[in-house]
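Asks: Predicted coordinates and the sequence they were generated for:
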Amino acid sequence: MAASRLDALDRLIEAFGRLPGVGAKSAERLAHHILKSPPQEALALAEALRDVKERVRHCQICYHLTESAEDTCTICSDASRDAGLVCVVEQSRDLLALERAGSYRGVYHVLLGRLAPLQGTGPDQLTVDGLVERVRQGSVREVIMATNPNLEGDGTALLVANRLSDTGVPITRLARGLASGSVLEFANKEMLADAFAGRQRF
């Protein structure tokens with residue numbers, strides 16, 4: 001009996017250890033926390049895991065996460081959003097960060113990743129075809145690239161821009177540069193170049 005409980009604990013530690021950013025020690029701590037937790041707390045976690053796998057899926061328009069009974073997410077279904085303005089992000093968590101800012105009222109397209117050949121992520125693993133199809137339908141008047149400002153993000157943005165080049169739809173990107181409260185002395189050359197390129201009237 002004791003051996004089977006240890007086997008179950010080992011399986012739990014192994015499962016936690018497969019999560020990104022969770023090392024062996026953290027996995028062991030999490031497993032022992034679950035073991036010591038009241039049964040209803042541990043079972044609530046198990047139920048939440050089951051729900052997220054069974055109920056959460058991708059919106060058929062923008063590929064954001066949704067658990068609506070409909071095929072579209074709440075943003076795509078919101079008639080007050082500007083459907084002609086499409087902001088392209090890498091992941092749903094990027095979309096959520098932009099939504100928290102509260103200043104954008106267009107819609108989104110989630111690529112479900114970024115180009116990372118060394119990790120095996122190529123164009124076929126992204127939802128670029130879905131974006132091209134949306135733009136070709138004719139209702140999009142601007143595509144805003146909001147991929148992360150790094151080598152992979154910029155490469156992904158270039159791929160998307162190339163795929164959309166014959167549609168005639170303007171493609172812009174989020175302004176970059178110096179964050180409020182930053183110090184010029186510690187800014188790198190890319191940040192400073194983007195700050196100059198994205199300068200606005202004072």
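Replies: Received, thanks.
Asks: got a pLDDT number for the nearest residue to residue 170 once chain neighbours are set aside?
Replies: The spatial neighbour of residue 170 that comes closest, neighbours along the chain excluded (Cβ to Cβ, 6 or more residues apart in numbering), is residue 142 at 5.1 Å. In short, each C-beta sits where N, CA and C put it, glycine included. The predicted local distance difference test score for residue 142 is 93.
Asks: After the longest strand seen in the chain, which helix or strand is next? Please name it.
Replies: Secondary structure assigned by DSSP state E gives strand 82-89 as the longest strand of the chain. Downstream of strand 82-89, the next assigned helix or strand under DSSP states H and E is helix 92-101.
Asks: could you say what helices and strands that next one packs with?
Replies: Helix 92-101 makes packing contacts with strand 82-89, strand 106-110 when contacts are defined by 3 or more Cβ pairs under 8 Å, 6 or more residues apart in numbering; DSSP states H and E.
Asks: now the last one against helix 92-101, angle please.
Replies: Relative orientation of strand 106-110 versus helix 92-101 (axes from the mean of the first three to the mean of the last three Cα atoms, to 10 degrees): 160 degrees.
Asks: Just the element for the nearest residue to residue 153 once chain neighbours are set aside, please.
Replies: For residue 153, ignoring the flanking residues on the chain, the nearest one in space by Cβ to Cβ, 6+ apart is residue 147 at 3.8 Å. Assigned by DSSP H and E, residue 147 belongs to neither a helix nor a strand.
Asks: Residue 147 and residue 157 touch, don't they?
Replies: Yes: contact status for residue 147 versus residue 157: in contact at 4.6 Å, counting by Cβ atoms under 8 Å.
Asks: Mind listing the shared neighbours of these two?
Replies: residue 88 (Cβ atoms under 8 Å, 6 or more residues apart in numbering).
Asks: Tell me the confidence at residue 3?
Replies: On the pLDDT scale, residue 3 is placed at 47.
Asks: for the protein, what helix or strand is lowest in average pLDDT?
Replies: helix 189-197 (a mean of 75; mean pLDDT, DSSP states H and E).
Asks: can you give me the angle the helix or strand hosting residue 157 makes with strand 82-89?
Replies: Per DSSP H and E, residue 157 falls inside helix 151-164. For helix 151-164 against strand 82-89, the angle by the same axes, to 10 degrees is 140 degrees.
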